[in-house]
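*Asks:* task: produce atomic coordinates for the following.
(one chain, ligands or ions: 2)
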Amino acid sequence: MDIADKQNKEYINGSKTTPAVFIKTYGCQMNERDSEAIAGMLSRLGYRLVDHESLADILIFNTCSVRDQAERKAIGKIGLMKKLKQQRPGLIVGVMGCMAQNRGEELIQSLPHLDFVIGSGQLHKLPETLDAIIANRHKISLLSLNDEILTSMGMHHEGFLKIASCQAYIAITRGCNRFCSYCIVPRVRGREISRSERDVLAEARQLVDSGVREIILLGQNVAAYGLHGDTRPPTANISPFAALLTKLSAIEGLYRIRFTSPYPSYFNNRLISTIADLPKVCRHIHLPLQSGSDRVLQRMNRQYTAGQYLDIVNKLRERVPDISFSTDIIVGFPGETDADFNATRAIMRKVDFDNAFIFKYSPRSGTPAAREKQQTPQKIREERNQLLLADQKIRTAAHNKQLVGTIQEILVEGPSKRNSQHWNGKTTNARGVMFTPSPTIRSGQLLRIRIQRCSAASLFGVVEDDLKPL
Ligand code: 5AD
Ligand code: SF4
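*Replies:* Ligands and ions are numbered 1, 2, ... in the order given. Reported below is the predicted structural model:
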């Protein structure tokens, strides 16, 4: 089931006379959050959400551009909708999100069955766009990027939580000013802007009142929150992001706070000590490294060295001994030598990441790295990808093994999708735990689980006791 989860069933089963919408989401959590906002906005206007394209009057593809593969996947799927539209000419098909922003008019030209293209900056204009298309059946594209996006960022969830019902995303910044040389995000999401603290806190309180226990703060560069787009890393004692974490922590009934993704240079002493002092901030940080070679980091326009990255990890470990790390790595950046790659392998070993997302470099048109002459052959990208995946698999399995026999506090998410006899939860270190539920179990409970066994990727346990029943 896509956006239409169990909370939305009343819409799915509701009146058949209102237009039915199917939303398909590609890419990152920010896109998931945008789809939640789209779902909330449309259902408030009386549209019904459906969980399959064959049931829909309106198909919305919320797309990603970060790698070529993500674009190709969406284009392939959207292409297939041509046949559906031939069978049902009244069907409305639209593309939103990063690929819409990136390819704009070109999409309407190459996929003539599309009715609208709305870029990341114009999401809130969807209702008026649909009205206009229903009235006139002309094609519409909206592609400007401006501060109006704060309107849609502030749109509340209206109960459309894609993840477990006890967890919710809150977008706190949007866009990015860092311009890493490989990355298309600053071009498709625009300049970095932060929502006001008052708005974020109000949204968090509303979510907690409705039963949410874990909030995941989202931003392309989340730790730059409140810095007005200044690209210089903040001085030692300034961190509006840390101030926000402190205020969110004071919300009664909220158990956990996570955030993704922070740029390493923003971890000054203020932020590190705030995290250490706030037990609600989860002991897991997703800290994108990208490469372990200083030469490559510089050419990626990442403003830190491998040594500085390690310093941040060590400082965090000193202040928060039980903290764990995950990361993003790009292999096969233009000109990446064996020595550069080995430096990445070595630092990954040193940090001992719990988890890592390894990406093969994908040239994005318009970015400086795509213009570099010395592109790494596809075969080498593939080989390096496989090597890092294999290294990480061993590390993750070893970490899981160490936990067998320990007791872990988990936040209960809900029944496992694969086997409803089992339920899922996560530790503060973001490790997934599967366990057999007791009859009184509820999503949003904190439980102590004794870990009994593990596989390479998962932990399995039994309930020890209940920490904070709702
Ligand atoms: N090629 C491969 N991976 C990329 N990422 C961003 N741009 C590219 C690209 N052109 C990765 C980075 C980032 C993650 C979200 O996607 O690792 O942290
Ligand atoms: Fe892209 Fe770099 Fe911004 Fe992340 S920080 S979104 S990788 S430009």
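*Asks:* so where is the chain shaky, pLDDT-wise?
*Replies:* 1-17, 145-164, 466-470 (pLDDT under 70).
*Asks:* domain parsing for it?
*Replies:* Structurally, the chain divides into domains by automatic domain parsing as follows: 4-146, 149-396, 407-468.
*Asks:* got the residues of the stretch 251-400 of the chain near ligand 2?
*Replies:* residue 263 (Cβ under 6 Å from any ligand atom). Yep, even glycine has a C-beta here, placed from its N, CA and C like the rest.
*Asks:* who in the stretch 201-350 of the chain is up against ligand 1?
*Replies:* So the stretch 201-350 of the chain meets ligand 1 at 288, 290, 328, 330 (Cβ under 6 Å from any ligand atom).
*Asks:* re the thing from before, would CSV of the domains of the chain with mean neighbour count be doable?
*Replies:* Compiled in CSV, these are given as follows (neighbours: other Cβ atoms under 10 Å):
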stretch, mean neighbour count
domain 4-146, 18
domain 149-396, 19
domain 407-468, 17
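*Asks:* now do the helices in this protein.
*Replies:* With DSSP state H, the ranges of helices along the chain come out as 9-12, 29-44, 68-87, 98-110, 126-136, 149-153, 185-189, 197-209, 240-249, 269-277, 294-299, 306-319, 338-351, 378-403.
*Asks:* redo the ones you listed as CSV? Include distance to residue 454.
*Replies:* Shown next, in CSV, are those (distance: least, Cβ to Cβ, whole Å):
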stretch, distance to residue 454
helix 9-12, 35
helix 29-44, 26
helix 68-87, 31
helix 98-110, 36
helix 126-136, 44
helix 149-153, 39
helix 185-189, 35
helix 197-209, 32
helix 240-249, 31
helix 269-277, 27
helix 294-299, 34
helix 306-319, 23
helix 338-351, 21
helix 378-403, 4
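*Asks:* distance of the residue lying farthest from the centre of the chain relative to residue 130?
*Replies:* Most distant from the centre of the chain: residue 136, at 36.0 Å, with distances by Cα atoms, centre = their mean. Distance, residue 136 to residue 130, by Cβ to Cβ, to the nearest Å: 11 Å.
*Asks:* also residue 414?
*Replies:* Counting by Cβ to Cβ - residue 414 and residue 130 are separated by 32 Å.
*Asks:* so what's whichever residue of the stretch 201-350 of the chain sits closest to ligand 2 up against?
*Replies:* Of all residues in the stretch 201-350 of the chain, residue 220 sits closest to ligand 2, at 4.0 Å by Cβ to the nearest ligand atom. Residues counted as contacts of residue 220 (Cβ atoms under 8 Å, 6 or more residues apart in numbering) are 30, 173, 174, 175, 176, 185, 189, 192, 261.
*Asks:* how about residue 115?
*Replies:* Contacts of residue 115 by Cβ under 8 Å, 6+ apart are 92, 93, 94, 133, 137, 139, 140.
*Asks:* how about residue 253, what does it touch?
*Replies:* Residue 253 touches 208, 209, 213, counting by Cβ under 8 Å, 6+ apart.
*Asks:* got these as CSV, with distance to residue 356 columns?
*Replies:* As requested, the contacts of residue 253 are arranged in CSV below (distance: Cβ to Cβ, whole Å):
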residue, distance to residue 356
208, 32
209, 36
213, 27
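*Asks:* thought residue 359 was touching residue 328?
*Replies:* Yes - in this structure residue 359 lies within contact range of residue 328 using Cβ atoms under 8 Å: 6.8 Å.
*Asks:* correct me, but residue 48 touches residue 39?
*Replies:* No - between residue 48 and residue 39 there is no contact under Cβ under 8 Å: 10.6 Å.
*Asks:* quick check: neighbours shared by these two?
*Replies:* residue 21.
*Asks:* can you name the residue of the stretch 201-350 of the chain nearest to ligand 1?
*Replies:* For the stretch 201-350 of the chain, Cβ to the nearest ligand atom, closest residue to ligand 1: residue 328, 3.4 Å.
*Asks:* now that residue. Nearest residue, chain neighbours left out?
*Replies:* residue 288 (4.0 Å; Cβ to Cβ, 6 or more residues apart in numbering).
*Asks:* contact partners for that neighbour?
*Replies:* Counted by Cβ under 8 Å, 6+ apart, residue 288 has contacts 261, 263, 264, 327, 328.
*Asks:* who's the fourth one bridged to?
*Replies:* Read that as residue 327. In this structure, residue 327 bridges to residue 356 when assessed by DSSP bridges.
*Asks:* so it sits against residue 284, correct?
*Replies:* No - at 11.5 Å, residue 327 does not count as touching residue 284 under the criterion of Cβ under 8 Å.
*Asks:* quick one: name the residues of the stretch 351-470 of the chain near ligand 1.
*Replies:* So the stretch 351-470 of the chain meets ligand 1 at 359, 361, 362, 364 (Cβ under 6 Å from any ligand atom).
*Asks:* what about stretch 168-185, near ligand 1?
*Replies:* Yes - counting by Cβ under 6 Å from any ligand atom, ligand 1 has neighbours in stretch 168-185: 182, 183.
*Asks:* ends of that stretch, what's the gap?
*Replies:* End-to-end span of stretch 168-185 (Cα to Cα, to the nearest Å): 23 Å.
*Asks:* then stretch 281-296?
*Replies:* With Cα to Cα, one end of stretch 281-296 sits 32 Å from the other.
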